[in-house]
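Chemist: what follows is a protein structure lacking sequence information:
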């Protein structure tokens, strides 16, 4: 198993310099910043990622203003009180992508957020308190209690709003397989546990966030040798 320094130096070589690599990295939000988010933000991002899965992102993005109008700016409190017949009306609204099965996830995920908020003060506080050294546990929670948040959907939504998480992107997956860290299904419990243990080890060696480590691994492999200039 490689040490962090080996992975880092290869990423630096591919990007041209440590300065160029540093420009490509980003730190996650702090727990305080996460806790300050409105819970509606999580519902909006979960919905965005659910609809982006299987659709051209440009199509979803072009209709996003319509989604916000139809679903009351993703107000969790309003959506959990919405009667079923109103959901059917909204699912047929031309301002959104009319996919009824995906539309139903909006209410289901609103309920998940609402229930967690009742127990933890807010869903944002719940997310902020979850330790990144067990981020796969949070992935599992979203998959179990939410709707269509398994696979990469939940993790990508977490990353989008700043929660510290690694991602099982194609480059990261390729690295993990090439180094025999995982050898079965990507999202099996065995593979996820092995990936988490590996990232925890790298974090102990480097002191970096899971997000930064995930990016460094991705930049150390795959077709991404081109660097960026210091001016960009």
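Modeler: Happy to help now that I have it. All figures in this text were calculated on a predicted structure; none of them were measured in a lab. Numbering: from 1, shown residues only.
Chemist: low pLDDT regions in this protein?
Modeler: 223-232 (pLDDT under 70).
Chemist: what's the domain layout of it?
Modeler: If you go by automatic domain parsing, the domain ranges for the chain are 31-160, 166-223.
Chemist: out of the ones you listed, which comes closest to residue 7?
Modeler: Nearest of the domains of the chain to residue 7, taken as CB to CB: domain 166-223 at 5.0 Å. Glycine gets a C-beta too; all of them are placed from N, C-alpha and C.
Chemist: and the residue nearest in space to the middle of the chain, how far from residue 86?
Modeler: Closest to where the C-alpha atoms of the chain average out (CA atoms, centre = their mean) is residue 156, at 2.1 Å. Distance, residue 156 to residue 86, by CB to CB, to the nearest Å: 29 Å.
Chemist: repeat that for residue 21.
Modeler: Residue 21 sits 50 Å away from residue 86, taking CB to CB as the criterion.
Chemist: quick one: residue 158 and residue 128 touch, right?
Modeler: No. Residue 158 lies out of contact with residue 128 (CB atoms under 8 Å); the separation is 11.3 Å.
Chemist: neighbour count winner among those two?
Modeler: Higher neighbour count among residue 158 and residue 128: residue 158, with 27 against 20, using other CB atoms under 10 Å.
Chemist: returning to what we had before: show me which of residue 21 and residue 86 is the more surrounded one.
Modeler: residue 21 (21 against 11).
Chemist: so where does the more buried one fall, helix or strand?
Modeler: For residue 21, the host element (DSSP states H and E) is helix 18-24.
Chemist: so how far is the helix or strand following that helix off the chain centroid?
Modeler: Using DSSP H and E, the helix or strand that follows helix 18-24 in sequence is helix 31-35. Chain-centre distance of helix 31-35: 16 Å, with CA atoms, centre = their mean, to the nearest Å.
Chemist: over to stretch 44-52?
Modeler: Relative to the centre of its chain, stretch 44-52 is centred 10 Å away, using CA atoms, centre = their mean.
Chemist: kindly report the same for stretch 60-76.
Modeler: That offset, for stretch 60-76, works out to 20 Å (CA atoms, centre = their mean).
Chemist: quick one: contacts of it?
Modeler: Stretch 60-76 is contacted from outside by 39-41, 43-44, 47-48, 51-52, 78-79, 90, 93, 95-97, 106, 110, 113-114, 117, 123, using CB atoms under 8 Å, 6 or more residues apart in numbering.
Chemist: same check on stretch 214-221?
Modeler: So stretch 214-221 is in contact with 7-8, 10-11, 14-15, 21, 24-26, 165-167, 169, 171-172, 174-175, 178, 199, 208, 224, going by CB under 8 Å, 6+ apart.
Chemist: and stretch 151-168, by the same measure?
Modeler: 28-29, 33-34, 37, 41-42, 45-46, 48-50, 53, 127-128, 130, 132, 135, 138-139, 142-143, 146, 149, 169, 172, 176, 186-187, 195, 199, 209-211, 213-214.
Chemist: show the buried residues in these.
Modeler: 28-29, 34, 37, 42, 45-46, 48-50, 127-128, 130, 132, 135, 138-139, 142-143, 146, 149, 169, 172, 176, 187, 195, 199, 209-211, 213-214 (16 or more other CB atoms under 10 Å).
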